[in-house]
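1. for reference, the sequence and a predicted model appear below.
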Amino acid sequence: LNLTGQRTSSMLTISGNIMNELDTERPYVIVVKFIGESENLLGLTLIDCREKPLSASAHAEFSTIVTATDVKISDVVAVQFDIY
């Protein structure tokens, strides 16, 4: 698993790899949650790959960018991922 993030005052970029360990093709959606110091949800973004499924036993790269107009970047202390 490769997961990276980069933050500036105006933008937060998250990227990584996802692996399909199944023997069948798999559509997926990643919900990326941006969490504040009091464990409050500051915002979220979706990476929707239902129309571009992951092949059997394959991996893919994903990335998302959130801007300061969407989330107060300086308040983000954690990032949480839910994969469906």
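-> Perfect, thanks for sending it. Numbers count the residues shown, from 1 in each chain.

2. C-alpha only now, for contacts and for neighbours.
-> Will do.

3. most centrally placed residue in the chain?
-> In the chain, the centroid-proximal residue (C-alpha atoms, centre = their mean) is Val32; its distance is 4.0 Å.

4. surely that one is in contact with Asp82?
-> Yes: under the criterion of C-alpha atoms under 8 Å, Val32 makes contact with Asp82 at 6.7 Å.

5. between the two, what contacts are shared?
-> Residues touching both Val32 and Asp82 (C-alpha atoms under 8 Å, 6 or more residues apart in numbering): there are none.

6. residues in contact with Asp70?
-> Gly43.

7. make that Lys33, sorry
-> 41-45, 79-81.

8. please enumerate the strands of the chain.
-> Secondary structure of the chain by DSSP state E: the strands cover 3-7, 11-19, 26-35, 41-54, 59-67, 78-83.

9. would you turn the ones you listed into a markdown table with mean pLDDT?
-> Formatted as a markdown table, the strands of the chain follow (pLDDT from 0 to 100):
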| stretch | mean pLDDT |
| --- | --- |
| strand 3-7 | 94 |
| strand 11-19 | 95 |
| strand 26-35 | 96 |
| strand 41-54 | 95 |
| strand 59-67 | 95 |
| strand 78-83 | 95 |
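
10. and among those strands, the most buried is which?
-> strand 26-35 (a mean of 18; mean count of other C-alpha atoms under 10 Å).

11. what strands flank that strand, and is each parallel or antiparallel?
-> strand 41-54 (antiparallel), strand 78-83 (antiparallel) (DSSP bridges).
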